[in-house]
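**Q** The sequence isn't on hand, but the structure is:
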């Protein structure tokens, strides 16, 4: 992928996102919509996977059929909210390897604090897709990408549901080689670091913790 930011404007993505934004959408419906949108976004973020051919037998004849090439890709969930996107992407790519980066945002400084890191091996030979519903300040996303590069990852893409201009700019400054795929580039961040108009706290709405 060559574009730093790709906004997936498919009608189904945008319609489902609008339903998720509504404050009265219940937790179970929110989770289901996030799973559905993540599958649609995964279609875009994996568009340029390397391909090869493999001889197969159809009911009529043999043919050289297109198949995925190289090592299985790695999906990295930025905890905790990243798990909502992870579930949907795994439905589309069930053989992917999975890793987790545990970060939480200090509400005073808005800076990320690491508490967990477990990722697959051979990251240098895999396409690595980091998933997190919100790209807000970009601080946690940049920290997660720093950790992944430190673990050897070279080909990384970032998949999110919503992005703020501030977060996109922060990621481009720190990691210009990491393309971002999102369903929406929203207006701005408020004083608390939340995306506006946004959809609130994705983790709280996903897990019913607020």
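**A** Structure received. Not measured: the values here are computed from a predicted model.

**Q** neighbours around residue 14, how many?
**A** As a burial measure, residue 14 scores 14 neighbours (other CB atoms under 10 Å). Placement of C-beta: from N, CA and C, glycine included.

**Q** for the one 5 residues further on, same thing?
**A** Number of residues near residue 19 (other CB under 10 Å) recorded here: 15.

**Q** and the gap between it and residue 158?
**A** Look at residue 19 and residue 158: by CB to CB, to the nearest Å, they are 24 Å apart.

**Q** Make sure residue 129 is indeed in a strand.
**A** Yes - assessed with DSSP: H, G, I helix; E, B strand; the rest coil, residue 129 lies in a strand.

**Q** Name whatever forms a beta bridge with it.
**A** residue 75, residue 157 (DSSP bridges).

**Q** per-residue pLDDT, residue 111?
**A** Residue 111 carries a pLDDT score of 74 in this model.

**Q** Could you do residue 202 as well?
**A** 83.

**Q** what's near enough to touch it?
**A** 34, 81, 84, 133, 134, 161, 162 (CB atoms under 8 Å, 6 or more residues apart in numbering).

**Q** if I read this right, the fourth one contacts residue 34, doesn't it?
**A** Think residue 133. Yes - counting by CB atoms under 8 Å, residue 133 touches residue 34, with 7.0 Å between them.

**Q** any shared contact partners between these two?
**A** What both residue 133 and residue 34 touch, as defined by CB under 8 Å, 6+ apart, is the set 84, 85, 161, 202, 206.

**Q** Quick check: of these, which lies closest to residue 55?
**A** residue 85 (35.4 Å; CB to CB).

**Q** where are the low-confidence patches of the protein?
**A** Within the chain, the ranges that satisfy pLDDT under 70 run 1-2, 110, 210.

**Q** ranges for the strands of it?
**A** All strands of the chain, identified by DSSP state E, fall at 5-7, 51-57, 62-68, 74-79, 97-105, 112-118, 127-131, 134-135, 155-163, 180-185, 188-189, 195-196.

**Q** quick one: which of these is nearest residue 43?
**A** strand 180-185 (9.9 Å).

**Q** chain center to that closest one, what's the gap?
**A** Centroid separation for strand 180-185 versus its chain: 9 Å, with CA atoms, centre = their mean, to the nearest Å.

**Q** So for that strand, what gets flagged as buried?
**A** For strand 180-185, burial by neighbour count (16 or more other CB atoms under 10 Å) applies to 180, 181, 182, 183, 184, 185.

**Q** And stretch 5-19, by the same measure?
**A** 5, 6, 8, 13, 16, 17.

**Q** do the same with stretch 133-153
**A** Here stretch 133-153 shows 133-145, 147-149, 151, 153 as buried, counting by 16+ other CB under 10 Å.

**Q** Check which helices and strands the lengthiest helix in the chain is in contact with.
**A** Assignment by DSSP state H gives helix 27-45 as the longest helix of the chain. Applying 3 or more CB pairs under 8 Å, 6 or more residues apart in numbering; DSSP states H and E, we find helix 27-45 packed against helix 11-21, helix 82-92, strand 155-163, strand 180-185, helix 202-207.
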